[in-house]
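> pasting a predicted model and its sequence here:
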Amino acid sequence: MKTEIFIAKRLQLKASGDNKKSSPSLTVATTGIVLAITVMILSLTIVSGFKSEISNKIFALDAHIKVSNANVNDSIGVSIVDITKVLPIIQSADANVKSASLVAEQPIIIKTDNDFKGIAFRGTDENFDWSEISKSLIEGRIPQSQKINEVVISQKTALLLNLNVGDSFFAYHIGNRIKTRKCTITGIYCTNFNEFDSNYVLGNIAFVQGLNKWQPSEGNYVAINVANVDNIVDASNAIYSALAKACFIDRTSDTVYNVTNTLGNNASFFSWLGLLDMNVVIIIILMAAVSAFTLISVLLMIVLERIKMVGLLKTIGASNSSIRKIFIYLTHKVIFKSIILGNVIGIGLSVIQKLFHIVKLDPEAYYMAYVPIEINIVTLIVLNVCILVISYLTLLGPSHIISSIKPTTTMRFE
């Protein structure tokens, strides 16, 4: 074992003349470092949780990829897609498609005895993924596929119009002439995603097809979900290429299609999530700066408390480099203790919040009812390694103060 490590292991970080109590200044410094590490860990887990929850919610509520007709029907001003014509081309693309469903959306007016509200009716076929809505149901059930007039509405809409599960309302479609349909509410959901909850009623695609006199294979767009959301852009490009090839090269299709993906359709949300990364970087830099200054103070305090030892070591021939290493190793005791305590507190608080949702949020502002947590082990390991490296580099400069200490001065130091 190196002499420096041997000496450092036998030195105690105690107050002068007290074998039990730690130096108050060292206790304060250690507490500061622990708090900084705790803040770093909580920042990472909370922001990761926000990004994961919001992204997953967007991916679940909006189709990963939408294929619509580029030629808008002049008579009704909307896109009409025949899924029997476009689906074989989509399936031929190397896009790793998980599911594809036909969707039709129609603006309607919900009318009750006392109130009304303009909203979009989203009609879906039997292949639609209802998992997110099912998870968000607070009352009732999902509409049955064979029931054309069954719908689910959001809690926000239900409260606004004083509607409950089992109630009925009239849906008015205003086109060339006013068409009226009676709908029955089978479920009430709450996704806490205001842009969705305030704007959509969900039901059977046959409802919209009946209003517009469309064929069973016709809708506004084909909603495609891919197996891996990280490959959405590549998948949308592959589908667009296959559709363009079928139209312009193979001439097997006479329709030009638009292909969009959820990253572009919800660019404002993903830009906001990107800004959260910058916030985390700023917090980590600030906390790292606080820790660095604290460590420098710790090193100086340790040196001053053992200044006679420095003089003695120099007197017996120890080099400045060796003495610096002793004090760096000694300071690392504080660092390791702080890292362990910071991780225990930071990860512990994160786990408690993840399990019990103690800290609540306003869903209107944050799109969820509690602070979300995501614990990424790899990220935490990288953070701790970076803390160790930065701590060591921080101590190299200030440790040179030992070179200016003279043995003749330290022998008279009280």
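It's in. Residues are numbered from 1 along each chain as shown.
> skip the chain neighbours and tell me the closest residue to Val165.
Gly140 (4.0 Å; C-beta to C-beta, 6 or more residues apart in numbering). For glycine as for every other residue, the C-beta is placed from the backbone atoms N, C-alpha and C.
> quick one, what contacts the one you found?
Taking C-beta atoms under 8 Å, 6 or more residues apart in numbering, we find Gly140 in contact with Val152, Val165, Ile185, Thr186, Gly187, Ile188.
> next one: Ser101
Thr124, Asp125, Glu126, Asn127, Phe128, Asp129, Val222, Ala223.
> so which residues of the stretch 301-414 of the chain form helices?
307-315, 320-356, 363-366, 377-396, 407-410 (DSSP state H, counting those that start in this stretch).
> turn these into a markdown table, columns for mean neighbour count, distance to Lys85 and mean pLDDT.
Below are these laid out as a markdown table (neighbours: other C-beta atoms under 10 Å; distance: least, C-beta to C-beta, whole Å; pLDDT from 0 to 100):
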| stretch | mean neighbour count | distance to Lys85 | mean pLDDT |
| --- | --- | --- | --- |
| helix 307-315 | 17 | 85 | 74 |
| helix 320-356 | 18 | 47 | 88 |
| helix 363-366 | 12 | 41 | 86 |
| helix 377-396 | 14 | 45 | 89 |
| helix 407-410 | 13 | 90 | 59 |
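> figure out which of the ones you listed is closest to Gln106.
When the helices of the stretch 301-414 of the chain are compared by C-beta to C-beta, helix 363-366 sits nearest Gln106, at 27.2 Å.
> contacts for the closest one next, please.
Under C-beta under 8 Å, 6+ apart, the answer for helix 363-366 is Phe50, Asn192, Asn194, Ala369.
> and what about the residue lying closest to Ala95 once chain neighbours are set aside, helix, strand or coil?
Closest residue to Ala95 apart from its sequence neighbours, by C-beta to C-beta, 6+ apart: Ala235 at 4.0 Å. Classification of Ala235 by DSSP: H, G, I helix; E, B strand; the rest coil places it in helix.
> so for Ala235, what's the pLDDT?
What the model reports as pLDDT for Ala235 is 96.
> tell me the pLDDT of Ser23.
Per-residue pLDDT puts Ser23 at 62.
> which stretches of the stretch 51-200 of the chain have low pLDDT?
72-77 (pLDDT under 70).
> now distance to Lys57 too, for the helices of the stretch 301-414 of the chain, in a markdown table please.
Converted to a markdown table, the helices of the stretch 301-414 of the chain look like this (distance: least, C-beta to C-beta, whole Å):
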| stretch | distance to Lys57 |
| --- | --- |
| helix 307-315 | 60 |
| helix 320-356 | 17 |
| helix 363-366 | 12 |
| helix 377-396 | 22 |
| helix 407-410 | 64 |
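> among the ones you listed, which is nearest Val97?
Val97 sits nearest to helix 377-396 of all these, at 29.7 Å, using C-beta to C-beta.
> for stretch 243-257, measure first residue to last.
Its first and final residues considered, stretch 243-257 spans 7 Å by C-alpha to C-alpha, to the nearest Å.
> what residues of that stretch count as buried?
Neighbour counts over stretch 243-257 (16 or more other C-beta atoms under 10 Å) mark Leu243, Ala244, Lys245, Ala246, Cys247, Ser253, Thr255, Tyr257 as buried.
> tally of neighbours for Pro216?
Close neighbours of Pro216, defined as other C-beta atoms under 10 Å, add up to 12.
> from what I can see it touches Gln209, true?
Yes: assessed by C-beta atoms under 8 Å, Pro216 is found in contact with Gln209 at 6.6 Å.
> name the nearest residue to Ile347, sequence neighbours excluded.
Using C-beta to C-beta, 6+ apart, the closest residue to Ile347 is Ile41 (6.3 Å).
> and Ser145, by the same measure?
Glu126 (4.8 Å).
> among the helices of the stretch 301-414 of the chain, which is nearest Thr30?
Going by C-beta to C-beta, the one of the helices of the stretch 301-414 of the chain nearest Thr30 is helix 320-356, 5.4 Å.
> give me the angle between that closest one and helix 377-396.
150 degrees (axes from the mean of the first three to the mean of the last three C-alpha atoms, to 10 degrees).
> which elements pack onto helix 320-356?
Secondary-structure packing of helix 320-356 (3 or more C-beta pairs under 8 Å, 6 or more residues apart in numbering; DSSP states H and E): helix 3-10, helix 24-61, helix 267-305, helix 307-315, helix 377-396.
> just the strands from the stretch 51-200 of the chain, written as ranges.
Using DSSP state E, counting those that start in this stretch, the strands of the stretch 51-200 of the chain run over residues 65-69, 81-82, 97-111, 116-124, 137-140, 150-154, 168-174, 178-189, 200-204.
> need these in a markdown table (columns: distance to Leu396).
What follows is these, written out as a markdown table (distance: least, C-beta to C-beta, whole Å):
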| stretch | distance to Leu396 |
| --- | --- |
| strand 65-69 | 53 |
| strand 81-82 | 65 |
| strand 97-111 | 53 |
| strand 116-124 | 62 |
| strand 137-140 | 58 |
| strand 150-154 | 59 |
| strand 168-174 | 72 |
| strand 178-189 | 58 |
| strand 200-204 | 59 |
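> how close does Ile387 sit to Val344?
According to C-beta to C-beta, to the nearest Å, Ile387 and Val344 sit 14 Å apart.
> next, count neighbours for the closest residue to Leu61 other than its chain neighbours.
Nearest residue to Leu61, sequence neighbours excluded (C-beta to C-beta, 6+ apart): Phe196, at 5.1 Å. By the measure other C-beta under 10 Å, the count of residues near Phe196 is 23.
> got it, and Tyr370?
Neighbours of Tyr370 (other C-beta under 10 Å): 18.
> correct me, but it touches Asp362?
No: using C-beta under 8 Å, Tyr370 makes no contact with Asp362, being 10.5 Å away.
> which pLDDT value belongs to Ser403?
63.
> again with Ser16
So, for Ser16, pLDDT stands at 46.
> farthest-apart pair in the contacts of helix 363-366, please.
Taking C-beta to C-beta, no two of these sit farther apart than Phe50 and Asn194, at 16.0 Å.
> out of those two, which sits in the busier spot?
Phe50 (21 against 14).
> what residues are up against that one?
Per C-beta under 8 Å, 6+ apart, neighbours of Phe50: Leu273, Leu276, Tyr366, Pro372.
> out of the strands of the stretch 51-200 of the chain, nearest to Ile285?
Among those, strand 65-69 sits nearest to Ile285 (C-beta to C-beta), with 37.7 Å.
> now for that closest one, which elements pack on it?
strand 81-82, strand 221-226, helix 232-244, strand 257-261.
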